[in-house]
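# pasting a predicted model and its sequence here:
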Amino acid sequence: MDHTSVLKNKQLVIPRKFMSVLLFSIVLLGISILASLAFGSRTVGWNEIMDGLFHPDIQSHGANVVRQRIARTVFSLMCGAALGVSGALMQSVTRNPIADPSILGVNTGAALFVVCGISFFHIGTAGQYIWFALAGAILTAIFVFGIGSMGSGGATPLKLVLAGAATSAALSSLVMAIMIPRSNVMDQFRFWQVGSVGAGNWDSISIFVPFLLVGILIAFFSAPALNALALGDEVATGLGVRTGTLRLVAAFGGVLLCGAATALAGPIGFIGLLATHVIRLLIGPDLRYIIPMSAVAGAIILTISDVCGRLLGSPGELEVGVVTAFIGAPILILITMKAKMRAL
Amino acid sequence: MMNESMNLIMVGRIKRRRRFILVTWLLAIIAFALCCTMLMLGNTIYPVTDVISVLLGEQVKGASFSVGTIRLPRMVAGVFAGFAFGISGHVFQTMLRNPLANPNVIGITAGSSAAAVFCIIVLHASSTFVSIASIIGGLATVIVIFLLSKGSSFSIGRLILIGIGIQAMLNAVISYLLLIGQHHDVPTAMRWLSGSLNGAKMENLYALMVTVLIFAPIIILLGKRLDMLELGEQTATSLGVNTDRTRVILIISSVLIIALATATTGPIAFVAFLSGPIAKRLVGIGFSSVIPAGLVGIILVLASDLIGQFAFVARYPVGVITGILGAPYLIMLLIRMNRKEEL
């Protein structure tokens, strides 16, 4: 990617407050990991967490519970990171503050394809879900962007949200229509949808890793050029960025990340929106810092939401998607309230 | 000359009136036919004579139970909810001058639904209390959405976006309540998230019926002023409409009826959104399309319920069918509005 050379000679200016934000997020990350290991239908203490993590020979009940929760925690950290980066990518590709997989209907598209896969092609493993979910995510993203960017002014937030909401409504009716007559599919799908990050095990983590790596590499290498894109298409072209290719590659990275996360964890909304906006508010607009920090913030938010879901839903658990919708939707409202009317 | 042009205007008006009356009657007849079909169709098909004698209070073997106890409440719920969704959707769309600004899209029905679910699951409240709570939920949602979208300058775009955000939150609340209530099964969730006529009981319908019978006439009477409001604040004022008072009365009446409809059947997807535009297209301009919108609402609900019950091997709740019908229309509308630069 030769367009990375554009900003290479410019010295890296570390944003103000970056170090303190980084330190603070590392502390938060640690707390969320500990909370995720400790809380659940059975709360375990500090000693047992230490036993479970560092003393594989100790076989107390609490230590085993902690070991069970390790995979889930790792999985939720990965999903959160993927969704955070995906939100940052999509927002900068569309130059639109509210582009988030859930708002764009991408989650529902993935869900529809998974349901079709279960009903008509009898798929049943995470390795198969992921391809169906990815196909659904990509097709839905293209469709929603297509509708949202019609007319002059391109894809404004209002047009995109409405196109996403309408598409989501249409697709979720179809999901219901396919599912209701097939009770076995309904059970399997509900497990996929409700299972959330609780379904995370080492198998799904190993399936997830390549997708996460590819997506994050794409994000990492396109960040400088995306910074140029933020100045406008003309300026970016003038700086030597091939805007068409960049958009395509970065959008592919974004959809890849959220599609893979959706395939394995079920539909989880608003993480990308929440993580990226909080980070941008704290450290400013430079995407080379926003992208990695969004990954961290996404991981923290998703893990803490998952813990909240376990505590609120106890003795069962509340889908993490419900928790993230509840804390993420106010951010959408805030952005809308602050936005200038021209931008809508 | 003067006389001739006056005559032309009169002829046009008479033509439009004829079309309006004709279409309204046709809609009413279709709605009535659907009501009869709903009473007759089922696992066993009863002839009209049996249905009529059940309705007159006579005991007919078999028919008394399935028509009187199962099909009649279902039909009545569909009629009143459909009418309520139809006219209040029309009121919001006309008043805010945007087909997207309707109780379904901006989250008012989700507010009523969340309040109803809270009362049923957490408080185990009586049906009267549930009705009151759903009204409060609906009104509170309206107030919150309007307050939040006021900002520096009011705009419909902002209002719709905020409404969608509020709706996402409220749906999360409903999912949470269903989970802690150990009611996390698909039929219950379907009912409160997209609407269903299943399990309608006569004793739960009276509140809805009374409210619709009181407030629907108010909205119908204000229909002309509603159309004047659509012309804009200044035009409406100069035509002698007290805009603020009319708006408040219209909003409160339509929220009241739609809240009770939601408390009874759940927020049946897209009926409030579809009825107004369809009715307007059918009756043309010049006359208030409040009543046609209500009739289209009834037809949509009853027809979709019949399709959901009998057209497929599996039984679908009415909300799934109206969702499948309504969402493509919403997408088409968006495409058209984007092309015309109306958004």
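Everything's here; your move. Residues are numbered from 1 along each chain as shown, chains lettered A, B, ... in the order given.

# from B:Asp305, how far off is A:Val85?
For A:Val85, the distance to B:Asp305 equals 45 Å [CB to CB, to the nearest Å]. (Glycine included, C-beta is placed from N, CA and C.)

# does B:Ser196 touch B:Arg315 like I think?
No: with contact defined as CB atoms under 8 Å, B:Ser196 does not count as touching B:Arg315 (10.1 Å).

# which of those two has more neighbours?
Using other CB atoms under 10 Å in any protein chain shown as the criterion, B:Ser196 and B:Arg315 rank with B:Ser196 on top: 23 against 12.

# that one in helix, strand or coil?
coil (DSSP: H, G, I helix; E, B strand; the rest coil).

# and if you look at B:Val241?
Under three-state DSSP, B:Val241 comes out as coil.

# doesn't B:Leu229 make contact with it?
Yes: applying CB under 8 Å, one finds B:Val241 in contact with B:Leu229, separated by 6.7 Å.

# with neighbour numbers in mind, choose between those two.
Neighbour totals were compared for B:Val241 and B:Leu229, and B:Leu229 leads with 24 against 21 (other CB under 10 Å).

# which ones are touching the most centrally placed residue in chain B?
The residue lying closest to the centre of chain B (CA atoms, centre = their mean) is B:Phe85, at 0.7 Å. Counting by CB atoms under 8 Å, 6 or more residues apart in numbering or on different chains, B:Phe85 touches B:Pro103, B:Ile258, B:Ala261, B:Ile268, B:Val271, B:Ala272, B:Ser275, B:Gly297, B:Val301.

# make it 7 Å
Applying CB atoms under 7 Å, 6 or more residues apart in numbering or on different chains to B:Phe85 gives the contacts B:Ile258, B:Ala261, B:Ile268, B:Val271, B:Ala272, B:Ser275, B:Gly297.

# swap in A:Gly200?
Listed by CB under 7 Å, 6+ apart, the contact partners of A:Gly200 are A:Ala71, A:Arg72, A:Phe75, A:Ser76.

# now it. Nearest residue, chain neighbours left out?
Spatial nearest neighbour of A:Gly200, excluding adjacent residues (CB to CB, 6 or more residues apart in numbering or on different chains): A:Phe75 at 2.7 Å.

# stretch A:39-58: which residues count as buried?
A:Phe39, A:Gly40, A:Val44, A:Glu48, A:Ile49, A:Asp51, A:Gly52 (16 or more other CB atoms under 10 Å in any protein chain shown).

# check whether that stretch comes near chain B.
No: residues of stretch A:39-58 contacting chain B under CB under 7 Å from any CB of the partner chain: none, with a closest distance of 14.2 Å.

# start and end of that stretch, how far apart?
With CA to CA, to the nearest Å applied, stretch A:39-58 spans 20 Å between its terminal residues.

# after the helix or strand of chain A with the lowest mean pLDDT, next one along is what?
Every helix and strand of chain A was ranked by mean pLDDT, DSSP states H and E. The lowest is helix A:183-195, at a mean of 64. Next in sequence after helix A:183-195, counting helices and strands by DSSP states H and E, comes helix A:202-229.

# name the helices or strands packed onto that following helix?
helix A:61-94, helix A:126-148, helix A:233-238, helix A:243-265, helix A:287-312 (3 or more CB pairs under 7 Å, 6 or more residues apart in numbering or on different chains; DSSP states H and E).

# and the stretch 101-250 of chain A, which residues reach chain B?
So the stretch 101-250 of chain A meets chain B at A:147, A:150-152, A:157-159, A:161-163, A:165-167, A:169-170, A:173-174, A:176-177, A:180-181, A:186 (CB under 7 Å from any CB).

# which residue packs closest to B:Glu341, ignoring adjacent ones?
A:Gly151 (5.2 Å).

# that neighbour touches B:Ile335, doesn't it?
No: counting by CB atoms under 7 Å, A:Gly151 does not reach B:Ile335; the two are 9.2 Å apart.

# centre of the chain versus stretch A:214-226, how much separation?
In terms of CA atoms, centre = their mean, to the nearest Å, the centre of stretch A:214-226 is found 16 Å from the chain centre.

# oh, that last question was meant for stretch A:275-287, not what I typed.
Using CA atoms, centre = their mean, the offset of stretch A:275-287 from its chain centre is 16 Å.

# send me it as CSV with only the CA atoms.
The C-alpha trace of stretch A:275-287 is given here as CSV (Å, rounded to 0.1, in the frame of the first residue of the first chain):
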residue,chain,number,x,y,z
ALA,A,275,-15.8,2.4,21.9
THR,A,276,-14.8,4.7,19.0
HIS,A,277,-16.7,7.7,20.3
VAL,A,278,-15.4,7.5,23.8
ILE,A,279,-11.9,7.1,22.5
ARG,A,280,-12.2,9.9,20.0
LEU,A,281,-13.5,12.2,22.7
LEU,A,282,-10.5,11.4,24.8
ILE,A,283,-7.6,11.4,22.4
GLY,A,284,-8.7,13.3,19.3
PRO,A,285,-9.2,12.3,15.7
ASP,A,286,-5.9,10.5,14.7
LEU,A,287,-6.9,7.1,13.5
